[in-house]
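Q: Predicted model, plus sequence, below.
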Amino acid sequence: MMKRKEFMLGAVAGLAFAAAATAGGVIDWPSAQAGPVAGVSGRLIPSAGAAGAAFAPPQGAPRSFADIFEQVAPAVVQIDVKTRVAARPQGFIQIPGFGAVPVPNGQGEGGSGEGGEEGEGTTAMGSGSGFFISADGFIVTNNHVVADAVEITVKLADARELT
């Protein structure tokens, strides 16, 4: 009961702080838009002719997300990996968070799996993404994508595959 009371007190205090911070920003907003204030520096002050001006990106800059995507898409790659995992005993199934769980009547999916001898392990497949960071072919991806990989295939945007 005490933890719930402490939680509620913290939640109310946090909401009160957030409301005060928001109200302070909203209250100060009109004065920030009014123009220059004597003795105050560091505020954004629009120029005299900018009141009705629309935002315009710099010359040559992308105008939309689609333009940005079009520019960077060729650098994005798909990474497919194969890893070896320990074989499960016959009569067990793998359940995430629980490990190998026995199945009644021993009708699990254990065994050697793809391309291996009994007890040697099975092949697991995974994939992720990455992108080129240099013209000489360096690719950045997350470590968990390629950790323990025995085979890595990189698929490029133009459908080429590198192994």
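A: Structure's in. What do you need?

Q: Quick check: mean pLDDT of stretch 70-84?
A: For stretch 70-84, the mean pLDDT works out to 93.

Q: Need the phi and psi values for Pro96.
A: Dihedral angles of Pro96 (phi, psi; degrees, to the nearest 10) stand at phi -50, psi 130.

Q: no, scratch that, I was asking about Val72
A: Phi and psi for Val72, reported as degrees, to the nearest 10, are phi -100, psi -20.

Q: likewise the one 3 residues further on?
A: Note on Ala75: its backbone torsions stand at phi -90, psi -10 [degrees, to the nearest 10].

Q: what sits against it?
A: Counting by C-beta atoms under 8 Å, 6 or more residues apart in numbering, Ala75 touches Phe131, Phe132, Ala157. For the C-beta atoms, the positions are set from N, CA and C on the backbone; glycine is no exception.

Q: neighbours around the first one, how many?
A: Burial of Phe131, expressed as a neighbour count using other C-beta atoms under 10 Å, amounts to 14.

Q: from here on, count from 815
A: In the new count, where the first residue is 815, that last one comes out as Phe945.

Q: Given whichever strand or helix holds it, what are its sheet partners and their directions?
A: Secondary structure assigned from DSSP states H and E places Phe945 in strand 936-946. Strand 936-946 has the following sheet partners, assigned by DSSP bridges: strand 890-899 (antiparallel), strand 953-955 (antiparallel).

Q: following the last one, which helix or strand comes up?
A: Think strand 953-955. Reading on from strand 953-955 to the C-terminus, the next helix or strand found by DSSP H and E is helix 957-960.
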